[in-house]
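Asks: Here is the input, now give the coordinates:
(one chain, ligands or ions: 1)
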Amino acid sequence: MKELNSDVVVVAAGPAGLAAAISAAESNLSVIVFEKSMNTGGAANMGMGPLGLDTSVQRKELSTVDKNRAFDMFMNYTHWRVDANLVKKYFDKSADTIDWLQDMGVEFYKASRYFPGSEATWHIVKPESGNPGPRAASTMIKRMTERATELGVQFYFETPGKKLIKEDGKIVGVIAEGKDGEEIKVNCKAVIIATGGFGDNAELVKQVTGYEYGKDFYGFRIPGLVGDGIRMAREVGAGKTDVNMELATSLSGENLTPQILAAFNQPNLLVNLEGERFFNEQYFENSTFAANAINIQKDRCAFMIIDESIKRTYLKKGVDVMSMVLHQEEIDGFDEHMENAIAAGNPNVFVADSIEELAEKTGINCEKLIDTIDEYNDFCDGRDEAFGKVAKYMKPLKKAKYYAAKFFPGAYGTLGGIKINHNTEVVTDNFEVIDGLYAAGTDTCTIYGDSYMFILPGNTMGYALNSGRMAGENAADYVDSL
Ligand SMILES: Cc1cc2nc3c(=O)[nH]c(=O)nc-3n(C[C@H](O)[C@H](O)[C@H](O)COP(=O)(O)OP(=O)(O)OC[C@H]3O[C@@H](n4cnc5c(N)ncnc54)[C@H](O)[C@@H]3O)c2cc1C
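Replies: Model prediction:
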């Protein structure tokens, strides 16, 4: 076994681990980072940017959301069932964290909304090449990795952390497994865990949340996120938290194109297998709300339906709603895209010449579907008496062909697992601090309660960076105090 010494060990180099490592190194501590994959960044490499409140970027854009209003919104949303002090510290720090990132060379394109009904808190990273869009945050990760390296942080890639060493009630080391299978032991004064939850551990996801990947659930599965950090922390006495999935709607299957996704991610008629409406579709843009509602329907699925007239309007004028992620306005070639997807065996998109045929192909209760569409069409002439959807999105379905897409809940990953206090110290179920052990990011993220808060977008990456920074600073204070 190889043996090393360091002040601090950070287990994992996603945004939380990187922020922790940089902060600890800025306090002049020696830092070793063990990362399971071949590079830094974790899930953040797929994302666009973090939340910031009262930031220099927002001030330029005359944004209206400040940290106090955001805090009120957040605590009302969560019914105060989450750690208010942790939320407050995160929000209060977020502007400084944006400056901190800019000082390392990260540039932000703008502070954006996710969709029209959300606030402009999402700090979209300006990528070093191409346009701002999915994966833009990988440029932020690059700058953070450069900064960490400049500060002397030592990275060990393809070297997962395996076990924590606890002596006399204190965490004093970590054992990791190197590329060649050799064990590496680091003697240290503090450890920070940030291993990103267990979105890639189907068995554990099923056991803890009930969702079954590939059956009624289609989420992102970032390889390697299997709950290692949570297991390691629990082995030394860490308390448990509730774990939720970071839900979003999912349309999956073969040959889906941006045109298909754009046509169906719209506020049109949404029904369950019973042929009933169950949601005000104007909120479909809030993927968490829509996924929550779909989640409690039969077989955890729902169908978004459009007719020939809606399709033609979209072909001519573009779709009603776009987001920063699905920035596709035109649906040119829609028929061909649908044909290709169906020919490739995609089980979740449908074309039919009548409502009856659509019901047969989708399995939706036919009689009820006909009633629902009749009623919906009547509402389109007056008011949506069912859920009060705004008039501009009430588009009748009268003209064949009919097109449908089957949505399921999906997720960006898990949220929560390791119990921490608002100083990012890992605590037992009985709130006793485990000296020398800190945790941050997804492994600890219980601040949304049951549902991710899309209304203040950039929230999970924002939490990861800010909790990571706090963990690095708090660990540095602890090491100083020894
Ligand atoms: C497609 C997609 C887009 C997203 N876009 C956004 C966005 O724009 N804004 C936003 O706020 N959020 C976004 N998110 C969520 C955000 O990326 C995550 O919340 C954030 O990356 C979590 O950071 P983390 O450091 O806690 O964990 P992760 O980023 O998941 O990183 C965990 C790291 O731990 C490593 N690891 C695992 N086990 C071990 C071990 N035993 N030893 C060492 N290392 C280990 C992994 O390899 C990984 O590098 C997105 C997520 C996805 C999937």
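
Asks: And stretch 206-217, end to end?
Replies: 10 Å (C-alpha to C-alpha, to the nearest Å).

Asks: in that stretch, what's buried?
Replies: Buried residues in stretch 206-217, counted by 16 or more other C-beta atoms under 10 Å: Val208, Thr209, Tyr211, Tyr213, Phe217. Placement of C-beta: from N, CA and C, glycine included.

Asks: quick one: contacts of that stretch?
Replies: With contact meaning C-beta atoms under 8 Å, 6 or more residues apart in numbering, stretch 206-217 is reached by 202, 205, 219, 221, 243-245, 250, 299-301, 408-411, 414.

Asks: quick one: which helix or strand includes Ala148?
Replies: Here Ala148, judged by DSSP states H and E, is contained in helix 137-150.

Asks: counting contacts, what elements does the very next helix or strand once past that helix pack onto?
Replies: For helix 137-150, the following helix or strand on the C-terminal side (DSSP H and E) is strand 154-156. Secondary-structure packing of strand 154-156 (3 or more C-beta pairs under 8 Å, 6 or more residues apart in numbering; DSSP states H and E): strand 31-34, helix 137-150.

Asks: do strand 154-156 and the ligand meet?
Replies: No: judged by C-beta under 6 Å from any ligand atom, strand 154-156 stays clear of the ligand, getting no closer than 8.9 Å.

Asks: for whichever helix or strand comes after that strand, the distance to its chain's centre please.
Replies: Using DSSP H and E, the helix or strand that follows strand 154-156 in sequence is strand 161-167. Relative to the chain's own centre, strand 161-167 is displaced by 29 Å; criterion: C-alpha atoms, centre = their mean, to the nearest Å.

Asks: go on, stretch 109-128?
Replies: Distance, centroid of stretch 109-128 to centroid of chain: 15 Å (C-alpha atoms, centre = their mean).

Asks: picking that back up, can you say which of the helices and strands packed on strand 154-156 is packed in most?
Replies: Neighbour counts (mean count of other C-beta atoms under 10 Å) averaged over each of those peak at strand 31-34, with a mean of 28.

Asks: packing partners for it?
Replies: Packed next to strand 31-34, using 3+ C-beta pairs under 8 Å, 6+ apart, are strand 8-11, helix 15-26, strand 154-156.

Asks: Which stretches in this protein count as helices?
Replies: Listed in chain order, the helices of the chain (DSSP state H) span 15-26, 56-60, 67-78, 84-103, 137-150, 202-209, 228-235, 258-264, 287-295, 308-317, 334-343, 355-362, 366-381, 459-481.

Asks: Serialize the buried residues of stretch 206-217 to CSV and add fields for distance to the ligand.
Replies: Output for these, formatted as CSV (distance: C-beta to the nearest ligand atom, whole Å):
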residue, distance to the ligand
Val208, 17
Thr209, 16
Tyr211, 16
Tyr213, 14
Phe217, 14
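
Asks: Closest to Gly229 out of the residues you listed?
Replies: Checking the buried residues of stretch 206-217 against Gly229 with C-beta to C-beta, the nearest one is Val208 at 15.0 Å.

Asks: how about the helices and strands packed on strand 154-156, which one is nearest Ile373?
Replies: helix 137-150 (41.7 Å).

Asks: tell me the mean pLDDT for that closest one?
Replies: What helix 137-150 shows for mean pLDDT is 98.

Asks: which other helices and strands contact it?
Replies: helix 15-26, helix 84-103, strand 122-125, strand 154-156.

Asks: Quick check: residues of the stretch 1-150 of the chain near the ligand?
Replies: So the stretch 1-150 of the chain meets the ligand at 11-17, 34-37, 42-44, 46-50, 137 (C-beta under 6 Å from any ligand atom).

Asks: For the ligand, what is the nearest residue in the stretch 201-350 of the chain?
Replies: Asp228 (3.2 Å; C-beta to the nearest ligand atom).

Asks: so what's that residue closest to, chain neighbours aside?
Replies: Residue nearest to Asp228 in three dimensions, not counting chain neighbours: Thr195, with 5.0 Å by C-beta to C-beta, 6 or more residues apart in numbering.

Asks: Would you mind confirming that that neighbour is in contact with Ala16?
Replies: No: between Thr195 and Ala16 there is no contact under C-beta atoms under 8 Å: 9.0 Å.

Asks: which residues do these two both contact?
Replies: By C-beta under 8 Å, 6+ apart, Thr195 and Ala16 have these common neighbours: Asp443.

Asks: So between those two, which is more surrounded?
Replies: Legend: neighbour count by other C-beta atoms under 10 Å for Thr195 and Ala16, higher for Ala16 (37 against 33).

Asks: Nearest residue to the middle of the chain?
Replies: Tyr412 (4.2 Å; C-alpha atoms, centre = their mean).

Asks: For that one, list the residues it contacts.
Replies: Ala43, Gly199, Gly219, Phe220, Glu246, Ala248, Tyr452, Thr460.

Asks: Relative to Ala400, how far out is it?
Replies: Using C-beta to C-beta, to the nearest Å, one obtains 37 Å as the distance from Tyr412 to Ala400.
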